Each structure stands twice: as C-alpha cells, then as structure tokens.
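**Q** No letters, just coordinates:
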Ligand SMILES: [Zn+2]
C-alpha cells in the first residue's frame with residue numbers, strides 16, 4: 001500500500017507518510033485502514049497502532065475468499081483472535097461481500113459461502129460491516145436478510161449499483177458510501 005508499485009512496476013518511492021500528512025493537514029481527524037484478508041488485516045492493524053487517529057477493519061474480501069477454503073474454522077478463528085487482541089483498534093468487520101466483476105480471483109460459490117461464514121463476527125464483536133458489492137446486489141441483500149440477527153449495521157462502500165439495489169440496502173438499515181471514480 002502506497003509503495004509506488006502499480007501492476008508490478010515501480011513508479012515512485014513509498015509515500016504513505018506524505019499522503020497521511022496531507023490528510024491530517026487538511027482537517028482529517030481519523031482514518032480507517034481497510035483489511036482485505038487475514039494478513040492484510042494484520043498490516044492494517046499494525047499501521048493503526050502507529051497513530052492514535054488511525055483505526056482498522058478486519059475481514060476477508062470476496063476476491064480473497066479462497067484463503068478460507070483449506071481450513072475455514074481456523075481462518076475464522078485467526079480473524080477472531082486478531083479482533084480480540086486489537087479491540088481498541090478494529091472498528092468494523094470487512095471488507096467483505098461479493099464481487100461478480102472479478103470472478104477470476106475467486107469463484108462465485110466460494111464468495112457466497114465465506115461471505116456468509118464471516119458475518120457472525122459482526123454480532124460477536126458488536127462491530128458493523130464494511131461491505132463490498134460489485135454486480136451482486138441481489139445475492140448480497142439475500143444473504144444479509146437471512147443473517148439479519150447476526151449483523152450490527154454497516155456500509156456498502158463505493159456503491160455503484162441500481163436504484164433498486166440501493167433501496168434494498170437502505171431497507172436493511174445499512175448505509176452506502178459513494179466513490180469519486182463513478183461519476
Ligand atoms: Zn471494496
């Protein structure tokens with residue numbers, strides 16, 4: 001992250017410090033670093049531990065859900081332990097969800113199974129969900145409705161779906177985030 005490497009080639013020197021300094025200088029009070037897998041979540045938490053204004057999410061992104069396959073319980077327990085040890089820094093479960101635009105990284109069945117599998121962490125730790133949804137709103141809404149008791153709110157980030165999908169998400173008392181890429 002912010003190492004200056006894009007598509008395997010180095011474009012500039014690492015600049016995370018500069019990026020964060022610009023944010024603080026321009027009035028940002030707090031930031032949440034997104035975790036996208038067990039390892040990513042550890043890195044996000046390490047970074048969050050370096051500054052009292054930084055927080056992190058912990059969970060497994062839809063394109064990384066193959067990481068669950070070998071030993072699902074063990075993977076979930078490792079996420080659990082990480083959240084427990086860093087309960088003052090982890091502020092959401094995620095990012096997790098469904099991404100049908102990028103099935104080349106993880107097939108649909110695996111995404112569906114392990115998105116649902118990690119949802120219980122929300123109620124367990126009383127943390128909201130940081131949700132990712134691409135071309136999969138109906139299935140995402142289905143799973144969230146089915147597990148309503150296990151979830152403690154959340155936001156679908158970078159929402160780029162239809163008005164129908166938006167209404168279904170809002171009806172679940174969830175929020176959406178809008179990304180500048182989708183103008
Ligand atoms: Zn995302």
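**A** Yep, that arrived. A quick note: this is a predicted structure, and the numbers were derived from the prediction, not measured.
**Q** Show me where this protein has its strands.
**A** For the chain, applying DSSP state E gives strands covering 5-6, 9-10, 31-33, 54-58, 90-99, 129-134, 154-157, 175-176.
**Q** Can you say which of these is nearest to residue 78?
**A** Minimum separation from residue 78 across these (CB to CB) falls at strand 54-58, 9.9 Å. (C-beta placed from N, C-alpha, C; glycine too.)
**Q** returning to what we had before: would you mind giving the strands of the chain as CSV with mean neighbour count added?
**A** As requested, the strands of the chain are exported to CSV (neighbours: other CB atoms under 10 Å):
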stretch, mean neighbour count
strand 5-6, 10
strand 9-10, 8
strand 31-33, 17
strand 54-58, 25
strand 90-99, 26
strand 129-134, 25
strand 154-157, 22
strand 175-176, 16
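**Q** any chance of the ones you listed in TSV, plus distance to residue 140?
**A** Listed next are those as TSV, based on distance: least, CB to CB, whole Å:
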stretch	distance to residue 140
strand 5-6	29
strand 9-10	34
strand 31-33	21
strand 54-58	17
strand 90-99	5
strand 129-134	5
strand 154-157	8
strand 175-176	12
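**Q** Just put the ones you listed in a markdown table and tack on mean pLDDT.
**A** Shown next, in a markdown table, are those (pLDDT from 0 to 100):
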| stretch | mean pLDDT |
| --- | --- |
| strand 5-6 | 88 |
| strand 9-10 | 91 |
| strand 31-33 | 96 |
| strand 54-58 | 98 |
| strand 90-99 | 97 |
| strand 129-134 | 95 |
| strand 154-157 | 95 |
| strand 175-176 | 95 |
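**Q** now for those, which one comes closest to residue 65?
**A** Across the strands of the chain, closest to residue 65 is strand 90-99 (CB to CB), at 8.5 Å.
**Q** ok, so what distance separates the closest residue to residue 38 other than its chain neighbours from residue 172?
**A** Leaving aside its sequence neighbours, residue 38 sits nearest to residue 78 (CB to CB, 6 or more residues apart in numbering; 5.4 Å). Note on residue 78: its distance to residue 172, by CB to CB, to the nearest Å, is 28 Å.
**Q** residue nearest the centroid of the protein?
**A** residue 95 (1.0 Å; CA atoms, centre = their mean).
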